[in-house]
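> this one's structure only:
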């Protein structure tokens, strides 16, 4: 019985380790230092920041607050974004809103290496300020 349990765990380990290796082989993610051209939003970085500032609303921000926020993400070869870490985490609602808003933007122009589109990992800083209504 012991040998059957050990054999089962070993088999499970082999299956899991094999599937993890094949996933990493399918998608190579490059750093900024490795690429010739860095990924950019198709409508420009300034417009991207303005779009996020307009679309992301956080009811927990007071008039004196400005949130400094970082999002780690991958720009895939097809220009779509795969969102990773967000820090500091503000709230589940806020983090989800940032994530969804970024995913909903137009595809980015992906990074290039030797003339080929490649996936790249990026970290962008953001500052969110309260929205003030002017009468």
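Yes, it's here. Predicted model only: the values in this text are computed from it and were never measured.
> Please make it C-alpha for all contacts and neighbour counts, starting now.
OK.
> quick one: contacts for residue 101?
Residue 101 makes contacts with 52, 55, 56, as judged by CA atoms under 8 Å, 6 or more residues apart in numbering.
> and of those residues, the nearest to residue 88?
Among these, residue 56 lies closest to residue 88 (CA to CA), at 15.7 Å.
> Report how many residues lie close to the closest one.
Look at residue 56: counted by other CA atoms under 10 Å, it has 18 neighbours.
> Likewise for residue 68?
13.
> if I look at it, how far off is residue 108?
As for residue 68, its distance to residue 108 is 23 Å (criterion: CA to CA, to the nearest Å).
> And residue 30, by the same measure?
Counting by CA to CA, the separation of residue 30 from residue 108 is 16 Å.
> Shouldn't residue 89 be within a strand?
No: counting by DSSP: H, G, I helix; E, B strand; the rest coil, one finds residue 89 to be coil, located in no strand.
> For the closest residue to it other than its chain neighbours, which three-state class applies?
Distances taken as CA to CA, 6 or more residues apart in numbering place residue 95 nearest to residue 89, at 6.6 Å, with adjacent residues excluded. The three-state assignment at residue 95 reads helix, by three-state DSSP.
> circling back to that earlier point, can you tell me which of the contacts of residue 101 lies nearest to residue 115?
Relative to residue 115, and with distances defined as CA to CA, the nearest of the contacts of residue 101 is residue 52, at 30.2 Å.
> Give me the distance from the lengthiest strand in the chain to the chain's centre.
If you go by DSSP state E, the chain has its longest strand at strand 116-128. Centroid displacement of strand 116-128 relative to its chain, using CA atoms, centre = their mean, to the nearest Å, is 7 Å.
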